[in-house]
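In: Quick one, fold the following:
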Amino acid sequence: MICGLVGSSSAASLDIIPLWDGLFVAGAPVELQALVGSDTGGAARIVVTSDDYRLDYSFEIEAGEPLRLALPLRPGLSGRVKAAVELPDGSRLIESLTLTREPRAVTVTSSARLPLTGSGYGPIGRLVLTPSRLAALNGDQSAALAAYLARCGGLVVPGASAQGLALLRAAAGCGGAGIRANVSASLPTVQSVLLPAAPESNPQRSILLLLIPYLLFLLGVATLRRLGIWLLAVPAGAALVIAAALPAVTGGITASTIAVMHAGDTTMRWRAWLLADGGAGRERLPLASGTEVPRALDGGPVELVRSAEDATPALVLPTRLLHQRRFELAGIAPAPWSFRAHLTRDLVHLVNESNEVMPAGWLWTGDRALSLPPLAAGAGMEADIGSAVTAGGRRPDHDIPCPLEGLVDASGPALLLPLANEPLLGNQGWLIIELSPAIAEA
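Out: Okay, here's the model as predicted:
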């Protein structure tokens with residue numbers, strides 16, 4: 001993203017600046033900041049690579065006014081990164097660096113430079129910020145920190161007021177359990193959103209596609225006496241059939257998505273398995289705001305592109321016929337419903353405070369499940385956990401789509417609701433809402 005003008009210079013320059021002293025955690029995204037200067041204004045382009053990851057970013061630059069760019073990436077295990085910029089006058093600058101891999105997320109005290117995107121907090125497990133430093137964040141830094149908190153990131157603000165902590169917790173995920181005022185306080189363990197099952201794929205489709213001309217030929221032999229005329233019709237007929245059937249045969253783009261949030265959260269964390277077939281007529285998938293850097297599940301490369309007009313990058317999809325790619329994507333998105341929940345003995349009290357109807361779903365607790373009716377906007381209900389059906393960690397019946405085992409804290413109840421408009425493709429996914437209370441201040 002373009003994050004504003006910095007300084008003034010007439011010389012062409014490229015300066016790549018790693019955050020957090022160049023630390024990264026294997027598999028987690030990071031952010032590099034680039035200062036690009038040019039003595040000629042116009043269209044420019046920067047390409048960042050690290051092993052099988054590639055970001056191709058086009059932008060506009062003004063003469064003598066360098067730009068600061070925030071470049072999200074998911075470094076390879078080697079940590080080696082290469083950045084090459086092409087300036088409006090045709091000149092090309094290259095810079096390389098090697099990041100330092102850490103075995104786990106680290107605790108850091110605010111440095112002079114903070115991330116401008118949520119990806120920049122990938123290697124961070126806990127961040128310590130003073131109230132004055134927190135108040136001095138600019139717009140991009142605040143948005144990046146908000147994304148980090150929405151993913152249940154740990155934040156310690158020594159000396160923060162009770163009101164200030166309440167505001168931060170209201171904007172954070174996991175019920176604000178990761179927000180603390182005491183540096184020595186322990187932080188809760190954040191339950192990861194597990195990768196859902198792979199979308200359905202039918203490998204026989206490609207065989208069907210290849211057999212279409214042959215089947216047409218056999219039909220002609222069986223129905224026509226003049227084989228020569230039919231032989232002339234086979235190529236044209238096969239081409240028309242393939243063109244009409246191609247979108248259904250290739251399968252297009254499908255996704256399986258699961259999202260998790262805590263009751264009262266304003267955002268949800270989601271994770272998806274994306275299956276993309278080549279030849280479906282779509283070359284790129286724009287990524288919604290809040291989406292992290294994708295990860296390839298098939299060992300192939302990950303390529304993102306972004307033009308000067310784009311608000312977010314787009315994932316490059318396969319274009320060759322019968323070529324299939326599998327990706328893992330994750331991110332945050334606004335919560336579809338706002339509601340309150342509290343537990344009294346075996347009763348769960350729910351109040352839908354949003355303007356949308358909450359669809360029918362299921363209440364899970366441990367290995368038991370209870371079917372719930374839709375809940376109108378502004379309405380409330382009580383659910384008796386004691387009447388839930390024992391599931392034994394598996395599906396109690398065909399009406400319950402999936403168990404929550406391994407997805408949420410088994411010690412407390414959770415809702416499972418259909419998500420009509422998941423953030424990746426706008427298809428149906430599943431939303432898990434944890435109802436257990438947030439962990440109190442230590």
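In: All the helices of the stretch 101-250 of the chain, in order from the start?
Out: For the stretch 101-250 of the chain, the helices defined by DSSP state H, counting those that start in this stretch occupy 131-135, 139-150, 162-171, 204-223, 227-250.
In: rank the ones you listed by pLDDT, which is bottom?
Out: Among the helices of the stretch 101-250 of the chain, helix 227-250 carries the lowest mean pLDDT, a mean of 52.
In: What's the mean pLDDT across the next helix or strand after that helix?
Out: Per DSSP states H and E, the first helix or strand lying C-terminal to helix 227-250 is strand 253-262. Here strand 253-262 scores 88 as its mean pLDDT.
In: buried residues in strand 253-262?
Out: Going by neighbour count (16 or more other CB atoms under 10 Å), the buried part of strand 253-262 is 253-262. From N, CA and C alone the C-beta is placed, and that goes for glycine too.
In: for that strand, packing partners?
Out: For strand 253-262, the elements it packs on are strand 267-277, strand 429-434, judged by 3 or more CB pairs under 8 Å, 6 or more residues apart in numbering; DSSP states H and E.
In: Dump these to TSV, plus distance to Glu328 and mean pLDDT.
Out: Formatted as TSV, the helices and strands packed on strand 253-262 follow (distance: least, CB to CB, whole Å; pLDDT from 0 to 100):
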stretch	distance to Glu328	mean pLDDT
strand 267-277	6	91
strand 429-434	14	88
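In: how about these, which one is nearest His349?
Out: strand 429-434 (13.9 Å; CB to CB).
In: Run the angle between that closest one and strand 253-262 for me.
Out: Angle of strand 429-434 versus strand 253-262, following axes from the mean of the first three to the mean of the last three CA atoms, to 10 degrees, is 10 degrees.
In: Now do strand 429-434: which elements does it pack against?
Out: strand 253-262, strand 267-277, strand 414-419.
In: just the angle between the shortest one and strand 429-434, please?
Out: By that I understand strand 414-419. Using the same axes, to 10 degrees, strand 414-419 lies at 160 degrees relative to strand 429-434.
In: And for the second one?
Out: Orientation check (the same axes, to 10 degrees): strand 267-277 against strand 429-434 gives 150 degrees.
In: how about low-confidence regions in this structure?
Out: By pLDDT under 70, the low-scoring segments of the chain are 1-10, 110-112, 184-251, 279-281, 367, 389-412, 436-442.
In: So it: which segments form each domain?
Out: 2-102, 106-180, 192-199+251-281+318-442, 204-246 (automatic domain parsing).
In: mind checking which of those domains is nearest Leu304?
Out: domain 2-102 (4.9 Å).
In: so how far is the closest one from its chain's centroid?
Out: Taking the mean of its C-alpha atoms, domain 2-102 sits 22 Å from the chain's own mean (CA atoms, centre = their mean, to the nearest Å).
In: before we move on, what about stretch 143-151?
Out: Per CA atoms, centre = their mean, the centroid offset for stretch 143-151 relative to its chain is 13 Å.
In: Make JSON lines out of the helices and strands packed on strand 253-262 and add mean neighbour count and distance to Thr319.
Out: Putting these into JSON lines (neighbours: other CB atoms under 10 Å; distance: least, CB to CB, whole Å) gives the following:
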{"stretch": "strand 267-277", "mean neighbour count": "24", "distance to Thr319": "10"}
{"stretch": "strand 429-434", "mean neighbour count": "24", "distance to Thr319": "26"}
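In: Adding distance to Leu419, write the ones you listed out as CSV.
Out: What follows is these, written out as CSV (distance: least, CB to CB, whole Å):
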stretch, distance to Leu419
strand 267-277, 8
strand 429-434, 4
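In: hmm, back to that, mind putting the helices and strands packed on strand 429-434 into a markdown table with distance to Gly429?
Out: Formatted as a markdown table, the helices and strands packed on strand 429-434 follow (distance: least, CB to CB, whole Å):
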| stretch | distance to Gly429 |
| --- | --- |
| strand 253-262 | 3 |
| strand 267-277 | 7 |
| strand 414-419 | 4 |
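In: just so I know, which of those strands lies nearest Thr98?
Out: Per CB to CB, nearest to Thr98 of these: strand 267-277, 29.6 Å.
In: what angle separates that closest one from helix 162-171?
Out: 30 degrees.
In: Does strand 267-277 pack against any helices or strands, and if so which?
Out: Going by 3+ CB pairs under 8 Å, 6+ apart, strand 267-277 lies up against strand 253-262, strand 324-334, strand 429-434.
In: Parallel or antiparallel, list what pairs with whichever helix or strand Glu303 is part of.
Out: Take DSSP H and E as the rule and Glu303 turns out to sit in strand 302-306. Paired with strand 302-306 in the same sheet, following DSSP bridges, are strand 53-61 (parallel), strand 314-316 (antiparallel).
In: these two touch, right, Asn182 and Gly159?
Out: No - proximity of Asn182 to Gly159 does not meet the contact threshold set by CB atoms under 8 Å, at 9.9 Å.
In: neighbour-wise, which of those two wins?
Out: Asn182 (13 against 10; other CB atoms under 10 Å).
In: measure Glu283 to Leu99 for me?
Out: 30 Å (CB to CB, to the nearest Å).
In: do Arg113 as well
Out: On the measure of CB to CB, Arg113 and Leu99 end up 15 Å apart.
In: Tell me which of the two has more neighbours.
Out: Leu99 (23 against 13).
In: show me what contacts the closest residue to the more buried one other than its chain neighbours?
Out: Of all residues not flanking Leu99 in the chain, Gly79 sits nearest, at 3.9 Å (CB to CB, 6 or more residues apart in numbering). The contact partners of Gly79, taken as CB atoms under 8 Å, 6 or more residues apart in numbering, are 24, 50, 98-101.
In: Pick out whichever of the residues you listed sits closest to Arg133.
Out: After measuring the contacts of Gly79 against Arg133 - CB to CB - the closest member comes out as Phe24, at 23.2 Å.
In: For that closest one, which residues are in contact?
Out: With contact set as CB under 8 Å, 6+ apart, Phe24 has these partners: 30, 75, 79, 99-102, 122-123.
In: and Tyr57, what are its bridge partners?
Out: According to DSSP bridges, beta-bridge pairing links Tyr57 with Ile46, Arg306.
In: Is it possible to get a markdown table of the strands paired with strand 302-306 that adds distance to Arg68?
Out: A markdown table is the format used below for those (distance: least, CB to CB, whole Å):
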| stretch | distance to Arg68 |
| --- | --- |
| strand 53-61 | 11 |
| strand 314-316 | 22 |
